[in-house]
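1. Here is a sequence with its predicted model. Questions after.
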Amino acid sequence: MTVKRMDNVGIVVEDIDAAIDFFTELGLVLEGRAPVEGDWADGVTGLRGMRVEIAMMRTPDGHSRLELSRFLTPPVVADHCNAPVNALGYLRVMFTVEDIDDTLARLVRRGAKLVGEVVQYEDIYRLCYIRGPEGILIGLAEQLLQKKA
């Protein structure tokens, strides 16, 4: 059997309200917020006594989601906020946007920082990486119009 779909990508944050505001500015929609705790949560994560607040953010097309998590207990144990693009492990999420310049300008007003520069890949994409809330690495891609042959 093959994978049916990817449900979500999880991102652990300290300030869940700021993260919700940032991803809302990017164009995601808040589906809901909820506390998560109990035996089932402990069992699936392997963290005994876990208490976390989650917020599920959905892309406008309805196909992708980000699960933002703020751990109340146990405390966060590692910080990858300043890891470079070539660090091991899960590192970034990439979004296709309509207008990379407009999106970048709006997100910079919310504290985003451009990692390198906006570059063009052939006649296909304009791309960049930014650091969002708490140093979250985010890729932005604007697909360029293709000329029909």
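-> Now that the structure is in, tell me what you want to look at.
2. Low-confidence ranges, the chain, go.
-> 1, 146-149 (pLDDT under 70).
3. If we ignore the residues flanking it in sequence, what's nearest the most centrally placed residue in it?
-> For the chain, the residue nearest the mean C-alpha position is Val93 (5.3 Å; Cα atoms, centre = their mean). The spatially closest residue to Val93, leaving aside those adjacent along the chain, is Val9, at 5.4 Å (Cβ to Cβ, 6 or more residues apart in numbering). Using the backbone N, CA and C atoms, a C-beta is placed for each residue, glycine as well.
4. which ones are touching the one you found?
-> 64-67, 90, 93 (Cβ atoms under 8 Å, 6 or more residues apart in numbering).
5. Could I get the phi/psi values of it?
-> phi -120, psi 130 (degrees, to the nearest 10).
6. I'd like the distance between it and Arg92.
-> 10 Å (Cβ to Cβ, to the nearest Å).
7. bridging residues for the residue nearest to Val93?
-> Beta-bridge partners of Val9, counted by DSSP bridges, are Leu66.
8. correct me, but Pro60 touches Thr24?
-> No - Pro60 is beyond contact range of Thr24, at 11.3 Å (criterion: Cβ atoms under 8 Å).
9. Specify which residue of those two has the higher count of neighbours.
-> Ranked by neighbour count (other Cβ atoms under 10 Å), Pro60 and Thr24 place Thr24 first, with 13 against 9.
10. Have a look at the protein and report its longest helix.
-> Criterion DSSP state H: the longest helix present in the chain is helix 16-26.
11. buried stuff in that one?
-> Buried residues in helix 16-26, counted by 16 or more other Cβ atoms under 10 Å: 16, 19-20, 22-23, 26.
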